[in-house]
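Q: Return atomic coordinates for the entry below.
(one chain, ligands or ions: 1)
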Amino acid sequence: MKDIAVIGTGYVGLVVAVGLADFGNRVIGVDIDDAKIIMLNKGGLPFYEPGLKDYLEANIESGRLSFTQDISSAIVRSTVVFLAVGTPPKRDGSANLKYLESSVDTIAKYARAYTLVVTKSTVPVGTNRALGERIRALGATAEIEMVSNPEFLREGRAIQDFFHPDRVVIGAESDRARKTLADIYSALRLDEVPFVWCGLETAELIKYATNAFLATKIAFINQMANLADKAGADIALIAKSMGMDGRIGEKFLHPGPGFGGSCLPKDIRALVSAGNNLNVDMSLVKAVIAANEEQKTRVVVKLRELLGAQLRGLSIAVLGLAFKSNTDDVRESPALRVVADLLEGGALIRAHDPRAMDNFRAIFPDISYYASAHGAIKGADAVLVLTEWNEYRSLDFNLMSREMKGRVILDTRNLLNSKLAREHGLVYWDNGRI
Ligand code: UGA
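A: Numbering: from 1, shown residues only. Model (predicted):
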């Protein structure tokens, strides 16, 4: 059992804190947000993540997990400090490291004995080494060592990903650090999860390379879907057959309105910025960024085509505001661009999302929100499906054809049964299927 502090209680930090406590470690989560700390100590969650609440409550109850605003006391009592603070993008796309830097400054100031600082935040290559040098330059009295342990959690599946990861990557440079991490993750080692032991820079780049490759897969299949649409081919079968090739794999080949979220878009921009700094051509990654922007724009262009009319004055039901299903997160969600484009065209928005309406309302307070998908659909000239929520798979076409004012359905995620929709007299457009 280790005494661990986790600095930052966002999506990554909170899941890591809960998971490490569940492994039997004594964990204290640290955040500057007072209200959040009070909420967490009572077992309340500041965001929606399936399954997390049960783990949070159980580990608080066991006495192994607590939360504080007092970073100095958390550092003093811990031998390992995980960093899970944000690295938001700066104007030029590079990652802003100010939260990480202030965290290590505080660790340098308060650590009394050997402390391992484990970076979970996604950071540009070279950051962990630079942070180690920063600590030394500050003249820390205790020996402090940096480790890079990037996280591969997906929002909406974070608990599953934490307890059953495809691999654990650890960039560490001493036997002592490697041994400590091996102890912390011993539960996963018993489960025979593969561990990749490497240096700091390799670990940092593994994370960026992985997210950039996933983004590339999505951008690729989106362009193929656009082509299949024009060519009269079926993207579902194309993706399935591609996936049967073991060299490609079936995952992340679902076309959609473009990828979003707090990770993929930010990380590929940071990778371009790293290429610029190190004078390495990143033209492929740049093309992925451009293709994704184009994909988001394409949604309203397609809708205009289908409606064969001006958008001005038309009511558009927008189903799905979160950047993907099973989350309330709207950061870089394609819905942000789509709604902005629709509003610019003069359309009236009737929005629905099972979880993300509050977060979306904070950005678009003046559009209409409905408690149910059918509420949003009623009287709409067109329906636009943007997020792959399961509940949209079973939309009632009978009701839709009776209650919609218009006929058009644009299903960017290929969720609905196209044949059935057309049988109900709806003008159904999916994304590259026939
Ligand atoms: C992503 C990675 O998948 C995680 O492994 C990583 O840990 C995380 O970023 C991170 O860096 O913290 P996440 O942002 O939660 O996770 O979301 P994804 O499941 O990767 O989805 C990203 C976007 O791609 C969503 O908008 C989703 O709808 C879209 N997507 C995904 C598609 O359009 N098609 C697909 O086939 C898959």
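Q: List the buried residues in stretch 89-103.
A: Judged by neighbour count (16 or more other C-beta atoms under 10 Å), stretch 89-103 contains these buried residues: 89, 93-95, 97, 99-100, 103. All C-beta spots, glycine's among them, are computed from the backbone N, C-alpha and C.
Q: where's the dip in pLDDT among those?
A: Among these, residue 93 has the lowest pLDDT, at 71.
Q: Could you list which residues are in contact with the closest residue to that residue other than its chain neighbours?
A: Excluding the flanking residues, the one nearest residue 93 by C-beta to C-beta, 6 or more residues apart in numbering is residue 269, at 3.6 Å. By C-beta atoms under 8 Å, 6 or more residues apart in numbering, the residues touching residue 269 are 89, 93, 289.
Q: Spell out which parts of the protein neighbour the ligand.
A: 122, 151-155, 211, 214, 218, 252-254, 256, 259-261, 263-264, 323-324 (C-beta under 6 Å from any ligand atom).
Q: Helices - which of the residues you listed land there?
A: 211, 214, 218, 264 (DSSP state H).
Q: Setting aside sequence neighbours, what's the nearest residue to the second one?
A: In other words, residue 214. residue 252 (5.2 Å).
Q: okay, now the one you found: neighbour count?
A: 16 (other C-beta atoms under 10 Å).
Q: And the strands in the protein, which stretches?
A: Applying DSSP state E to the chain gives strands spanning 3-7, 26-30, 65-68, 80-83, 115-119, 144-148, 168-171, 195-198, 315-319, 348-352, 368-369, 382-385, 408-411, 427-430.
Q: Adding distance to residue 74 and mean neighbour count, write these out as CSV.
A: Listed next are those as CSV, based on distance: least, C-beta to C-beta, whole Å; neighbours: other C-beta atoms under 10 Å:
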stretch, distance to residue 74, mean neighbour count
strand 3-7, 4, 26
strand 26-30, 5, 25
strand 65-68, 6, 21
strand 80-83, 8, 26
strand 115-119, 11, 25
strand 144-148, 15, 23
strand 168-171, 23, 22
strand 195-198, 27, 15
strand 315-319, 43, 26
strand 348-352, 41, 22
strand 368-369, 39, 16
strand 382-385, 44, 27
strand 408-411, 48, 24
strand 427-430, 51, 20
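Q: Considering the buried residues of stretch 89-103, which is situated nearest to the ligand?
A: residue 95 (11.9 Å; C-beta to the nearest ligand atom).
Q: What are the phi and psi values at the closest residue to that closest one other than its chain neighbours?
A: Excluding the flanking residues, the one nearest residue 95 by C-beta to C-beta, 6+ apart is residue 87, at 4.2 Å. Phi and psi for residue 87, reported as degrees, to the nearest 10, are phi -130, psi 70.
Q: Give me the pLDDT value at the residue nearest to residue 93.
A: Looking at residue 269, the pLDDT reads 93.
Q: of the residues of the chain next to the ligand, buried ones?
A: Buried, going by 16+ other C-beta under 10 Å: 122, 151-153, 155, 211, 214, 218, 252-254, 256, 259-261, 263-264, 323-324, out of the residues of the chain next to the ligand.
Q: Tell me which two of the buried residues of stretch 89-103 sit farthest apart.
A: For those, the maximum inter-member distance is 22.5 Å, found between 93 and 103 (C-beta to C-beta).
Q: What number of neighbouring residues does residue 164 come out with?
A: 11.
Q: Tell me which residues touch it, please.
A: By C-beta under 8 Å, 6+ apart, the contact set of residue 164 is 191, 193.
Q: ok, now how distant is it from residue 22?
A: 13 Å (C-beta to C-beta, to the nearest Å).
Q: Verify the stated contact: residue 311 with residue 301.
A: No - contact criterion C-beta atoms under 8 Å: residue 311 and residue 301 do not qualify, at 11.0 Å.
Q: More neighbours: which of those two?
A: Using other C-beta under 10 Å, the more surrounded residue of residue 311 and residue 301 is residue 311, with 20 against 10.
Q: quick one: contacts for the residue nearest to the more buried one when sequence neighbours are not counted?
A: Take residue 311 and drop its neighbours on the chain: the residue closest to it by C-beta to C-beta, 6+ apart is residue 345, 3.5 Å away. The contact partners of residue 345, taken as C-beta under 8 Å, 6+ apart, are 300, 304, 310-312.
Q: switch to 10 Å and redo it
A: 300, 303-304, 310-312, 314, 316 (C-beta atoms under 10 Å, 6 or more residues apart in numbering).
Q: returning to that earlier point: Serialize the buried residues of stretch 89-103 to CSV and add fields for distance to residue 414.
A: Formatted as CSV, these follow (distance: C-beta to C-beta, whole Å):
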residue, distance to residue 414
89, 30
93, 31
94, 35
95, 34
97, 39
99, 39
100, 40
103, 43
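Q: which among those residues gets closest to residue 79?
A: residue 103 (16.3 Å).
Q: about what we covered before: sort out which of the buried residues of stretch 89-103 are in helices and list them.
A: 99-100, 103.
Q: and stretch 418-431, how far apart are its ends?
A: 11 Å (C-alpha to C-alpha, to the nearest Å).
Q: Could I get the buried residue list for that stretch?
A: Quick answer for stretch 418-431 (16+ other C-beta under 10 Å): 418, 421, 424, 426, 428-431.
Q: any idea how far it is from the chain center?
A: 31 Å (C-alpha atoms, centre = their mean, to the nearest Å).
Q: before we move on, what about stretch 424-434?
A: 29 Å.
Q: If I look at residue 389, what pLDDT would I see?
A: Confidence score, pLDDT, at residue 389: 97.
Q: try residue 433
A: 82.
Q: go on, residue 92?
A: For residue 92, the model assigns a pLDDT of 79.
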